[in-house]
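Trainee: Take a look and give me a structure for this.
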Amino acid sequence: MILVASLAACPAFGGVIGSQPSEIPPDLSITLERTRCYGFCPSYVLKISATGKVSYEGRASVKLVGQAESSISQEKVRALITAFEKINYFDLKGAYETPNDGCKDWVTDGPTAITSLTINGRSKSVRHYSGCRGIAVLAELEKLEQAIDDAANTQQWIR
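Mentor: Numbering: from 1, shown residues only. This is a model prediction of the structure:
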């Protein structure tokens, strides 16, 4: 019984029962920024709030340069929280950009994805340069970045 209670009370993510958070903390903020590259990589910033409000700012190489808003369901917000939890986001390094960050292979001229999460008074940001290769966690981090794009339907603004 103690084990069940401790599993249901994950302090970083507001308590998890099964695979979905029981309640979305009101301070929740999820961001994804994609930077320019040497070429035509889409550059934009997404922000998702606890209410499901999505704010988009297109910067370069996107269909919509400027700002737009939409919203996503609470189920999608919960799924994103679970995705952050699944990769132990708060335990990740702050950057995966150079060989000094552990990149076994490193190539130039790619974009960077910057994710951030604020939840229950805790905040974390992770910079992930696409030219950084050879670290096992990067595949999971890329899945998280794509999950944020998918939840927000970023394609409507960038393609």
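
Trainee: right, and residue 71 touches residue 55 too?
Mentor: No - in this structure residue 71 lies outside contact range of residue 55 using CB atoms under 8 Å: 10.1 Å. For glycine as for every other residue, the C-beta is placed from the backbone atoms N, C-alpha and C.

Trainee: Look at the residue nearest the centre of the chain and give its secondary structure.
Mentor: The residue lying closest to the centre of the chain (CA atoms, centre = their mean) is residue 115, at 4.3 Å. Secondary structure, DSSP: H, G, I helix; E, B strand; the rest coil: residue 115 is strand.

Trainee: residues of stretch 142-159 that come out buried?
Mentor: Residues of stretch 142-159 classed as buried by neighbour count (16 or more other CB atoms under 10 Å): 144, 145, 147, 148, 149, 151, 152, 154, 157, 158.

Trainee: do stretch 96-108 as well
Mentor: Buried residues in stretch 96-108 (16+ other CB under 10 Å): 96, 97, 101, 103, 106.

Trainee: go on, stretch 116-131?
Mentor: 116, 117, 118, 119, 124, 126, 127, 128, 129, 130, 131.

Trainee: which residues does the fifth one bridge with?
Mentor: Under DSSP bridges, the beta-bridge partners of residue 124 are residue 117.

Trainee: That one contacts residue 116, doesn't it?
Mentor: Yes - the pair residue 124 and residue 116 qualifies as a contact (CB under 8 Å) at a distance of 6.7 Å.

Trainee: Just the C-alphas of stretch 25-32, formatted as CSV.
Mentor: In CSV, the C-alpha atoms belonging to stretch 25-32 read as follows (Å, rounded to 0.1, in the frame of the first residue of the first chain):
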residue,chain,number,x,y,z
PRO,A,25,-0.7,22.0,-12.4
PRO,A,26,-1.8,25.6,-13.1
ASP,A,27,1.8,26.7,-13.5
LEU,A,28,2.4,24.2,-16.4
SER,A,29,4.3,25.7,-19.3
ILE,A,30,5.8,23.7,-22.2
THR,A,31,7.9,25.4,-24.9
LEU,A,32,9.6,24.2,-28.0
